[in-house]
Each structure stands twice: as C-alpha cells, then as structure tokens.
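[1] Got a predicted model here, sequence first, then my questions.
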Protein chains: 2
Amino acid sequence: MGEHKRGARVEKTISQAPPEEAVQTSGSRRRRPTMEDVARVAGVSLATVSRVINGDSRVRADRVTRVHEAVDLLGYRRDLTASNLRRADRLSATIGLIFEDVANPFFAALYRGVEEAAAARGVLPIAGSTDEDPVRERELAHAFCARRVDGLVIAPVERDHSYLVREREAGLALVYVDRPPELFDADVVLIDNAGAARAATEHLIAAGHRRIGFLGERQRIWTARERLVGYRDAHARHGIAFDQTLMRVELGGSDAGAAAARELLGSPDPPTALVAAQNLITIGAVRTLQQLGRQREIALVGIDDLVLADAVAPGLTVVAQDAPAIGRAAAELLFSRLDGEQAPAQRIVIPTRLIKRGSGEIPPSDTGPGSR
Amino acid sequence: MGEHKRGARVEKTISQAPPEEAVQTSGSRRRRPTMEDVARVAGVSLATVSRVINGDSRVRADRVTRVHEAVDLLGYRRDLTASNLRRADRLSATIGLIFEDVANPFFAALYRGVEEAAAARGVLPIAGSTDEDPVRERELAHAFCARRVDGLVIAPVERDHSYLVREREAGLALVYVDRPPELFDADVVLIDNAGAARAATEHLIAAGHRRIGFLGERQRIWTARERLVGYRDAHARHGIAFDQTLMRVELGGSDAGAAAARELLGSPDPPTALVAAQNLITIGAVRTLQQLGRQREIALVGIDDLVLADAVAPGLTVVAQDAPAIGRAAAELLFSRLDGEQAPAQRIVIPTRLIKRGSGEIPPSDTGPGSR
DNA sequence: CTGAAAGCGCTTACAG
DNA sequence: CTGAAAGCGCTTACAG
C-alpha cells in the first residue's frame, strides 16, 4: 500500500478502506433514485423537481403533486452532499464538535445542549475526542473541514489555531467552549473558572479551614490554570499564605486524583480540606477519603457536579456548571454568525452554582499543626 | 415562508436557514482553493493533482513534489463531499449513531467506543438522541442518509425499520446496538439483558431475599422488557411466586425511579430488596433509600454501572456492562460489512459482570411480613 | 411558471 | 506516466 503514504500527507485522517476493495463492497448494490428518475416518472424537468423539493412556491400546484407522488413511489431521498456542492450558501447543515472526551459527563452534557439547539435548525453535530492531544485536535479539525461542516465548536487544547484562519475566511463559523481562544479573536462560551475555584475555596475558608489542598488537572489546560488562579486568589483575599506543598497538579483522571489526595493527606503537615478542580479528580478524592475513612473529617469541594453526588456520605459539595446551557449558547452563537451576525467576538459566561451537600461544610479537625 | 412547507414533506429535518439570507452570510468570503488552483500553480493537469492527492503511485516523482508544494502554498484542503460524489465506492467516511440520549453515561461511553474504532479508519461519527421518540428516530435516520453516511449504528426505539430497506439495498451498513432489530435481519451487538437481570435477582435471592422489588423502564424498550423477563425468570428458577405488586415499570429517569422506590417501600407488604433495571433508575433508588435512611436495610442491585458507585455507602452492587466494548464491536462489525463481508447477520453478546460493593449483600431485614 | 444548460469540486475511464 | 473529457447528483441563472 505504498501509494497511500503520499496521499496521507494531505489528508491523514481520511484514508479509508483501500479503494480497490471498496468497489466490490456489497454484492448487488441498487442505485438510489435520483432527481432525474423522479423527473422522468413525474413527467417534468429536473429543474422542476429540484424546485418542488426545495419548496419553491412558483411551481404549479398539479406539478407539485405529481412530483410528490413520484417521490413517494420511488422512495426518493435527496442527496444533501450533492445539493450542498451546488448551492450558493454551501451550507452542509452539519457542525463539528471537538472535545476532550465525549464520554466525560461534562462534555456529554455539552454535546446534548448543542444537539438540541442544532436540531431546531435541522443541523447535526459530528463530534470527536482529542484526549488533550494537539495533534489529534488538528486532525479532527481538518477532518471536519474536509467534510465541509458549517462551523466548529471547539474546546481547544492547542494554543495556535492559525491553521484555521483560511477556513474561517472561507466562511467556517468558529465558537470556543469551556476554554477561550488564545491567539484568535473568536466567540467563546465558558464559565468563570477562577471565580468557581475561588468560590469553592472561600466556602472552605468560611468554614474555618486554613490549610486547603488543591488537586488540579494538567496545567496545559486553560481551565486548570484558571482554577488554580482562583484557589490562590481566595487565599490572598483572606490573607492566608499560599503553601506550595498543598498543591497537586498535572493530574489526569480519577486514579491520579485519588493518589494525589492520599499523598497530600499523608504529608507531615496535611490539609484539613480539599478542592478537587475537575469532575474525575473529585471522584478520585472521594474514593481516597472513603478508603481512609476520613470523609467526615476532611472537607471537600469539587468543581463540576457528578451523578450520585447527593448519594455519597457526606453529600458532595460542588460548584456546578450548566453544561447543556454552555452547549446551547455555543450553538446559538454559531448559528447567529452563520446568519450573518457581524458583531465583535462575544464572550458568554454561564453562571455556576455552589451546591452545599455536606462535604464542604465540615469544619477543620484539630489534628495536625495546620489548624488554629 | 410558505414555500418551505412542501419541501419539508420530503426532507423535514434538513430545512435550514432561509437560503435567501444565507447567501450574504459572512461579508467577504474567500473562496477555498480547489484542485484546479493547485493544478495551475503546479503546472500540471487537474487529473494529476487528483492522483497525487489520492496517493496514486504512477505519478512521476518530480510532479508529486510540485503538487505537494502547490498544496502547501495554497493551503489546499480536499473537499471530501465532492470527492465522495464522484468516487466509485461512494464512501463518505462518516457513520451515523442513533441513541436514546448521548448524554446518558452508557451511550456516551458507547459513542467513545465507536469513535475509537472508527478513528483507526479515518471515519467520523455523527450522533443524535431520540429520547425514545420513534418519530425523532426516523428523522435522524433520514437526516443521516441524506448526508450519505456509510452506515448506521442504531439503538432502536421503532420496531419497524422497513423505511431503511431501500438505503440498505443502496449499500448502507446497519448495525444495531443495545437492542436487536425486530423485523430486520441485521447485525447486532448487545448484552444478555435477561441474564443480567437474572444474575442481579439471583444474587439477592442467594442473600436470602424473597420479596424483591423491580424498578424498570418503559416497556416499549426492548432491554426493559428483557430485564423484566430475567427478573421473573430468577423467581421461577427458585420456586418463588412472582408478586405483581413488587413491580414498577414505565419509569423514565431518576425522579420516576425514586418515586417508585418510595412507593414500593411504603406499601403494606414491602420488598426487602430492589433490582433497579437501568442506570438513571438506580440513581433514583439510591436517593430514596438514603432519604429514608434505609440504605443499610434494603438491599439494592443496579443494572449498568455508575460513576461514584463505589463511593456511596454502602457501595452500590451492580451488574456492569462494558459500553465501550459494545461500541467498538459495533463499529468493527459495520466496517467488516463495508469491506464486503457477506456472512449471515451476527449477534455479538458482550459479557456483563456482577460487581459486589455492599448494597447487594445486605440480608433481608425482619421487619414486614415478607421475610421468612 | 418551466426547461435546457452550465457548473459545484472532484474521480475515473479513455486515449495517448 | 499524463491530460482532456465525461459525469457524480444536485442548484441556479438564463431564456422563454
């Protein structure tokens, strides 16, 4: 298959089954009826069929009927890809979604929000997961553009999106979610991450904690950095010295979160409370506290809500974000751009909400030198 | 917009923004470079460009270089929709996913499994949620077909998929997941639902329970019916009379599950254990048990695992299914069909696993006339 | 109101 | 090995 290597340079993610095999795919494939077939059966021209299918009101009523009858008879279904190729607007009624992981509950809910807003317009989303790999992100973006999506909703890993400027100039609508663009002037929908982390931390400070551990994601991720900022900010606001040893970052997933929590709590001068800065990390932290049997002794506030958060004991206090609302807002922004909205790039901030369920309301324990 | 009504009849879900507006979309749109542009810059013919892009090895090396240089210079990106229109295989490298709800953790994980298997082939998934609405299912299927997806992975709501026979004849690969086709002979990947429910129920019987409540989904859903069968089956196998009053079905979501659990436990002759036959229902059951403070008294086994299931107290015993594996298997089956595999329709059963965490190992309490 | 014709951006026989 | 030409299934000026 040496001949595939070169093509791959241009279109890496698109290489599919060897063409020579694909031809003989499914034994006796039946041709789909085309507008031409419909025209023949209805006894009108191809142009008239197209007009009827597209709801052009200038067609005489009896011809409209004839065409519809032929459509039903043949089981004709329009080929949107061909239609799109020739249309003036060149809209494919498809948008691309680039997320860290579609299986993460946050992004799954975001997807749903986008889907709902898009469905109202007859638009369908294609989604892909980057796993925080910038190469994968770029491949996905290219793969989506090759399919001529009308827009991209992207939770960026990569800082440099200059590889998308040409697509934008060609009309691609671009909306960032969860994380802002870094070198681009584009619409974005997100939460106040620093504010959320600050609220989480201040909630613990209000309960009397002075030694609050921080469990954060990889700092290459913007939200992770912002949340750390909010955590530090809360300390500064309350005149509490920031203690580097209470901070664990670069955590990828629940196991890493669990291990980091265990490490922190086993340290010589341990925290009396924890801020878990991402949903999977929170899961890990909860697990560790329970394994140590200290879930009623060490306070915990998570960022981003979880299913069953109200069912653990104590209930899990979180700063919740409204993922479906983020998705809906992003989709609506994207469509407004597609409709020609020329206003400057918008930054929409979806409010978060502190949900007190118990774990965040535990006062500091007297053990350890950290308590006052 | 009266003229849109008729078009809607043929392509309901595709009607997009009024074409007349869409034209003036984004001020000065720059045309994307085409193969023609590349050909001009490289000083070769359009056909040669196409050959190079497609990795045809018969092109002379220096021309290959020239074309690649022109591609880089112009920032050319292939239009896959146009390519697909003309190719012999007519493969779009896109597949459609029709799920109940992409935000449900089970389907989100299934999506991820499909995505991974598809990515290896350069194929991208488009997904839509039906919310168990057969009309929406049909709209989604049509919308996907209009975009000329190569195949459909479908968790069916509708029993009658005869509206897809024409598409199948035209080469559409069809794989069912989670639920089998009812009137169709097609590939399917699922779990042994009756077996899972039987295992859950027998686990409770082994712990000594004789009055086991059942919380099930809407019985229009195949998995819901199967799980009820398994529950009853377990009773029959152990010579326990089936008590209709212990069964609550048609539950849609966690709130309904919570309410039904509360109702059952408050009945004159209540169960000593519960089988929660779906993930959201399990969440509701856990919630109710905790609110009543009876989580250490009433046993509970859920079907399908949940995040934090090990963190609730007692830990949640479940019969877990491997959603990513279901997704991967479905995608691989679909691709094998696309590659020409002609074998009879397959039924792949992905094993489930009982995970004991505490809630399912609670013995029957002595309260109530149901205990022996 | 309608049809013949051009053309969207590609691939693919067909010659050479 | 290469190019001119036909054509995939549509939409859209252009005439009438």
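    Cool, got the structure. Since we're looking at a predicted model, the values are computed, not measured.
[2] Point out where chain A drops to low pLDDT.
    Scanning chain A with the threshold set as pLDDT under 70 gives A:1-28, A:366-372.
[3] How is residue A:159 assigned, secondary-structure-wise?
    Following DSSP: H, G, I helix; E, B strand; the rest coil, we place residue A:159 in the coil state.
[4] Likewise for residue A:319?
    Going by three-state DSSP: residue A:319 is strand.
[5] May I ask which helix or strand encompasses residue A:176?
    Assigned by DSSP states H and E, residue A:176 belongs to strand A:173-177.
[6] Run through the strands of the stretch 51-200 of chain A in chain order.
    A:94-99, A:124-129, A:151-154, A:173-177, A:187-190 (DSSP state E, counting those that start in this stretch).
[7] What is the last one packed up against?
    In other words, strand A:187-190. strand A:173-177, helix A:323-338, strand A:347-349 (3 or more Cβ pairs under 8 Å, 6 or more residues apart in numbering or on different chains; DSSP states H and E). Where you see a C-beta, it was placed from the backbone N, CA and C, and this is true even at glycine.
[8] Ok, the third one next?
    In this structure, strand A:151-154 makes packing contacts with strand A:94-99, helix A:134-146, strand A:173-177, helix A:323-338, judged by 3+ Cβ pairs under 8 Å, 6+ apart.
[9] Report how many residues lie close to the nearest residue to residue A:80 once chain neighbours are set aside.
    Closest residue to residue A:80 apart from its sequence neighbours, by Cβ to Cβ, 6 or more residues apart in numbering or on different chains: residue B:146 at 4.2 Å. Per other Cβ atoms under 10 Å in any protein chain shown, the neighbour tally for residue B:146 reads 21.
[10] What parts of chain A come near DNA strand D?
    A:31-32, A:34-36, A:46-47, A:50-51, A:53-54, A:76-79, A:82-83, A:85-89 (Cβ under 7 Å from any atom of the strand).
[11] and the residue of chain A positioned farthest from its centre, how far is that from residue A:70?
    Distance to the chain centre peaks in chain A at residue A:43, reaching 48.9 Å (criterion: Cα atoms, centre = their mean). Separation of residue A:43 from residue A:70 (Cβ to Cβ, to the nearest Å): 8 Å.
[12] Next: residue A:119.
    29 Å.
[13] likewise residue A:346?
    For residue A:346 relative to residue A:70 (Cβ to Cβ), the value is 46 Å.
[14] Isn't the residue nearest to residue A:80 up against residue A:76?
    No: Residue B:146 is beyond contact range of residue A:76, at 11.1 Å (criterion: Cβ atoms under 8 Å).
[15] re the thing from before, comparing residue A:346 and residue A:70, which residue is more hemmed in?
    The neighbour comparison of residue A:346 against residue A:70 (other Cβ under 10 Å) goes to residue A:70, with 22 against 15.
[16] show me the contacts for residue A:137.
    A:98, A:130, A:154, A:156-158 (Cβ atoms under 8 Å, 6 or more residues apart in numbering or on different chains).
[17] try 10 Å
    Taking Cβ atoms under 10 Å, 6 or more residues apart in numbering or on different chains, we find residue A:137 in contact with A:98-100, A:128-131, A:154-158, A:161.
[18] Just the buried residues from these, in ChimeraX please.
    Of those, the buried ones can be selected in ChimeraX as follows, counting by 16 or more other Cβ atoms under 10 Å in any protein chain shown:
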select /A:98,99,100,128,129,130,154,155,156,157,158,161
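[19] Just send the contacts of residue A:137 back as a markdown table, with distance to residue A:359 too.
    What follows is the contacts of residue A:137, written out as a markdown table (distance: Cβ to Cβ, whole Å):
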| residue | distance to residue A:359 |
| --- | --- |
| A:98 | 33 |
| A:99 | 28 |
| A:100 | 25 |
| A:128 | 35 |
| A:129 | 30 |
| A:130 | 31 |
| A:131 | 29 |
| A:154 | 33 |
| A:155 | 28 |
| A:156 | 32 |
| A:157 | 31 |
| A:158 | 35 |
| A:161 | 38 |
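[20] hang on, residue A:199 packs against residue A:321?
    No: judged on Cβ atoms under 10 Å, residue A:199 makes no contact with residue A:321 at a distance of 11.6 Å.
[21] Now do the shared contacts for those two.
    A:192, A:303, A:352-353.
[22] For residue A:275, the count of nearby residues, please.
    35.
[23] From DNA strand D, how far out is it?
    54 Å (Cβ to the nearest atom of the strand, to the nearest Å).
[24] Excluding chain neighbours, what is closest to whichever residue of the stretch 201-350 of chain A sits closest to DNA strand C?
    Using Cβ to the nearest atom of the strand, the closest approach of the stretch 201-350 of chain A to DNA strand C is made by residue A:338 at 18.0 Å. The shortest distance from residue A:338 to any non-neighbouring residue, by Cβ to Cβ, 6+ apart, is to residue A:173 (5.2 Å).
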